[in-house]
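> Give me the fold of what follows.
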Amino acid sequence: MVEPVRTIALNVGDAGDDERLLSREWLVTNGLGGFASGSVSGVPTRRYHGLLIAALSAPLGRIVMLNHLSEHVRLSDGRRVLFGGQERAGGKLQLPGIHHLKEFRLEAGLPFWRFEVDGYRIEKRVLLPHMQNTVHVSYKLLAGDGPVRLKLRPAVQFRPLEAPVGQPHAKSYHFSADDHLMELSAGGDEYPPLRLRLYGARATLTLHSKKLSNVFYRVEQRRGYDHTAELYSPGYFGVSLDVGQEATLVASTESWQTVNALAPEEALPAEFERRRRLVCAAPPEAREGFAAELVLAADQFVITPAGRREDAARARASGEEARSVIAGYHWFTDWGRDTMISFEGLTLTTGRHREAEWILHTFAHYVRDGLIPNMFPDGSNEGLYHTADATLWYFHAVDRYLHATADRTTLDILLPRLLDIIEHHLKGTRFRIGVDHSDGLLRQGEEGYQLTWMDAKCDGWVVTPRRGKAVEINALWYNALRLTEGWVRETQGEAAARPFQEHAERAYDSFNRRFWYEAGTHLYDVVDTEGGTDDPACRPNQLFALSLRHPVLDPARWESVLAVVREKLLTPTGLRSLSPDHPDYHSKYDGDLRARDAAYHQGTVWGWLIGPYVDAWLRVHPDDRAGARALLEGFRAHMDEACVGTISEVFDAELPYTARGCVAQAWSVAEVLRCWVMTSDEEYVRTVNRES
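I've put the predicted structure just below:
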């Protein structure tokens, strides 16, 4: 197969294109939750930008270990040239080295830069060896008259990923050096040392410490956070490059034995081969072009949770491995809801069935009082359980897994947990989640908590509390009951399945009686709210009443709901979270935390919602795969923007639909990939054959 390549055309020197270089980003991950990321320009614009953000065991979590490399080249005539750049406080670009950047591209998802100056061409690349907290930054002289000398100065600010950049995080730094090796540690802290090694001709290390003051992070300023930092550099490396030669700086928190085990000339082919296998494991319609890029983007989110060693020990004891899903980069950890919604697209659509099984088992271990965790905070072994829907999405994930694999052994293992979950929901569990036995519908809500996926909260303000009986919660509840009914009938017989059938039938009747909003010809978003009223806000949540495996909405109303959602909520990059005619509608998601949270679910477009919309479209128009495929075209153009080669979390609700939030979001990638494959002719034929 041919690796997918995405090349970004540059017009460096044009003010508009310079700005796009600062706003475009790149991301490389390591399968542990760690990553490297930055702007295409090389200028760090976020506190999350760095060449090595290591995923370490609890209680450390993800730690920024290597922030930045200053890159100087001395040409054969003695002139010195800077590649990349930095911004100082006040936003003035002090180091205009980005003007030497002529090309940025992704090869099989890995970032490459090409710099040119007076006939010299230098290529740079970044990769993280899989399952290591290690980064390789490599340089190759492609053309030029004679050798050049490369000077690389690393700069650090050891700190937790979410910590403010304006505060000191290490009491002091200590380093030891030997020839072209360096070991840097933070005195008095629990962080592991950062080990650096330079590979290349005539490699040298010069100890010349300095501080880089007033390093400016423009995005953090806009988001209302600390945005000026002081970095520390213990010295700089030097290496010579002749035409065709390479040099690589390796930085790692692993042992020297691990660092030295994989030479740079072995690391790149090994990673390319790993990525080639990922694409080859996917179905044929996902092995090239846009879909193959999404397969590689999906790989960024499927992780072995390095911070929770207990998970790994338990899994390996039973012959498995622990797996989870990072909800989004740069700041999310693994979230139960996001994992289950992303599950099919990230694992089953990509042919990673074994890892899908491991994810289900990993989360089954954490079921408490009939709930799976909402999230695992960075650096913690314990989950937080404040969610009403993540556990119901777990039933959906199990169903999709069984549909793809027919693995009845896993069903036998998980079914007791699933029955326990149903029992807890029938009796009532945490956060006042439980069935109202007067109508069979599921209610939820506790003061101070945001339990649905619309979960913005700022300084105690729950923006969209949605306490009561939420439309998608009850769609998921009905789906879970019907799925459980089928599984119990299959394994235990008709009599054992009948109670679940009765609960489902009652929920179905009540749902269709209570949720239909006649005046708007769509569904209420929440009924029986805290104030005793029903909320008629037009939101995308109603789609799940017809998009899930077992739709709870009467088929006679499918077309009406779909038409209203299409008219009021559909955009080229997903669905608005609230209709523009609502008084609480916000068209733009930007500014400080309070401003963003006020807009997060009040109009802001969510990319992942295109998935249930496509499902609903095909339920109403089963023969219109071309129309469904056309709904995904906006994401193809988006792959050149924001974080190149992946899909963002959210978008502004009006033109030009600017990407916002996390630069790479698991459920966005998963749902677009799933729908792309689902709407192909080949997948349609396979589905028909399976069902027949």
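> Low-confidence stretches in the chain?
By pLDDT under 70, the low-scoring segments of the chain are 1-2, 11-16, 84-97, 188, 682-692.
> try it again with 80
For the chain, the stretches with pLDDT under 80 are 1-3, 9-18, 84-98, 168-171, 179-180, 187-189, 306-309, 312, 378-381, 681-692.
> Let me see the domain layout of it.
As assigned by automatic domain parsing, the chain contains the domains 5-264, 282-432, 458-568, 570-692.
> Can you add mean neighbour count and distance to Ala270 and give those domains back as JSON lines?
The C-beta positions use only the backbone N, C-alpha and C, and glycine is treated the same way. Converted to JSON lines, the domains of the chain look like this (neighbours: other C-beta atoms under 10 Å; distance: least, C-beta to C-beta, whole Å):
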{"stretch": "domain 5-264", "mean neighbour count": "19", "distance to Ala270": "7"}
{"stretch": "domain 282-432", "mean neighbour count": "21", "distance to Ala270": "15"}
{"stretch": "domain 458-568", "mean neighbour count": "20", "distance to Ala270": "40"}
{"stretch": "domain 570-692", "mean neighbour count": "20", "distance to Ala270": "20"}
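> Go through those and name the closest to Gly440.
For Gly440, the closest of the domains of the chain is domain 458-568, at 3.6 Å, according to C-beta to C-beta.
> In JSON lines, list the domains of the chain along with distance to Tyr449.
JSON lines is the format used below for the domains of the chain (distance: least, C-beta to C-beta, whole Å):
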{"stretch": "domain 5-264", "distance to Tyr449": "21"}
{"stretch": "domain 282-432", "distance to Tyr449": "5"}
{"stretch": "domain 458-568", "distance to Tyr449": "7"}
{"stretch": "domain 570-692", "distance to Tyr449": "15"}
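> Nearest to Leu451, out of those domains?
Proximity to Leu451 (C-beta to C-beta) singles out domain 282-432 among the domains of the chain, at 4.0 Å.
> now do the same end-to-end measure for that closest one.
42 Å (C-alpha to C-alpha, to the nearest Å).
> and what of stretch 51-66?
First residue to last in stretch 51-66 (C-alpha to C-alpha) measures 5 Å.
> And it, how far out from the chain middle?
In terms of C-alpha atoms, centre = their mean, to the nearest Å, the centre of stretch 51-66 is found 17 Å from the chain centre.
> got it, and stretch 620-630?
That offset, for stretch 620-630, works out to 27 Å (C-alpha atoms, centre = their mean).
> And for stretch 368-383?
18 Å.
> and the spatially closest residue to Thr521 that is not a sequence neighbour, what are its phi and psi?
Once flanking residues are discounted, Thr521 sits nearest to Ser560: 4.7 Å by C-beta to C-beta, 6 or more residues apart in numbering. Dihedral pair for Ser560: phi -70, psi -50, per degrees, to the nearest 10.
> Hmm, Ser560 is touching Gly520, no?
No: using C-beta atoms under 8 Å, Ser560 makes no contact with Gly520, being 9.5 Å away.
> residue ranges of the strands in the stretch 151-300 of the chain, please?
159-160, 173-178, 181-186, 194-199, 201-216, 228-241, 246-252 (DSSP state E, counting those that start in this stretch).
> which one of the ones you listed lies closest to Leu69?
Closest among the strands of the stretch 151-300 of the chain, using C-beta to C-beta: strand 246-252, at 7.0 Å.
> Can you name the residues in contact with the closest one?
Residues outside strand 246-252 that contact it (C-beta atoms under 8 Å, 6 or more residues apart in numbering): 51-52, 65-66, 69, 132-140, 150, 152, 154, 194-201, 203, 237, 239-241, 258-259, 264-265.
> how about the strands of the stretch 1-150 of the chain, start to end?
Counting by DSSP E, counting those that start in this stretch, the strands of the stretch 1-150 of the chain are 5-9, 25-29, 35-39, 50-56, 61-66, 68-74, 80-83, 101-107, 110-117, 120-127, 134-143, 148-155.
> do the same with the stretch 451-600 of the chain
Along the stretch 451-600 of the chain, counting by DSSP E, counting those that start in this stretch, strands occupy 457-458, 461-462, 469-470, 516-517, 522-523, 526-527, 570-571, 574-576.
> Quick check: Asp226 touching Pro168?
No: taking C-beta under 8 Å as the contact criterion, Asp226 and Pro168 are not neighbours in contact, 11.8 Å apart.
> so what sits against both of the two?
Common neighbours of Asp226 and Pro168 (C-beta under 8 Å, 6+ apart) do not exist.
> Pipe the strands of the stretch 151-300 of the chain into a markdown table and attach distance to Glu423 per row.
Formatted as a markdown table, the strands of the stretch 151-300 of the chain follow (distance: least, C-beta to C-beta, whole Å):
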| stretch | distance to Glu423 |
| --- | --- |
| strand 159-160 | 39 |
| strand 173-178 | 55 |
| strand 181-186 | 49 |
| strand 194-199 | 50 |
| strand 201-216 | 55 |
| strand 228-241 | 51 |
| strand 246-252 | 48 |
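> looking at these, which is closest to Ala312?
strand 246-252 (20.0 Å).
> Also compute the angle for the closest one relative to strand 120-127, please.
With axes from the mean of the first three to the mean of the last three C-alpha atoms, to 10 degrees defining the directions, strand 246-252 sits at 30 degrees from strand 120-127.
> between strand 246-252 and strand 68-74, how many degrees?
Relative orientation of strand 246-252 and strand 68-74, computed by the same axes, to 10 degrees: 160 degrees.
> and Arg443, which of the domains of the chain is closest to it?
Nearest of the domains of the chain (C-beta to C-beta): domain 458-568, 5.0 Å.
> And the closest one, end to end?
End to end - C-alpha to C-alpha - domain 458-568 spans 27 Å.
> same thing with stretch 541-558?
Its first and final residues considered, stretch 541-558 spans 14 Å by C-alpha to C-alpha.
> Name the surrounding residues that touch it.
Contact with stretch 541-558 is made by 396, 399, 452, 454, 470-472, 474-476, 478-479, 482-483, 504, 507-508, 511-512, 515-516, 522-523, 525, 561-562, 565, 575, 609, 612-613, 615-616, 619-620, as judged by C-beta under 8 Å, 6+ apart.
> Does Trp477 touch Asp389 like I think?
No: contact criterion C-beta under 8 Å: Trp477 and Asp389 do not qualify, at 9.2 Å.
> in this structure, which residue is closest to the centre?
Gly328 (2.6 Å; C-alpha atoms, centre = their mean).
> Could you give the bridge partners of that one?
Under DSSP bridges, the beta-bridge partners of Gly328 are Gln665.
> Adding distance to Asp412, write the strands of the stretch 1-150 of the chain out as a markdown table.
Output for these, formatted as a markdown table (distance: least, C-beta to C-beta, whole Å):
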| stretch | distance to Asp412 |
| --- | --- |
| strand 5-9 | 44 |
| strand 25-29 | 34 |
| strand 35-39 | 37 |
| strand 50-56 | 33 |
| strand 61-66 | 36 |
| strand 68-74 | 52 |
| strand 80-83 | 58 |
| strand 101-107 | 43 |
| strand 110-117 | 41 |
| strand 120-127 | 41 |
| strand 134-143 | 40 |
| strand 148-155 | 53 |
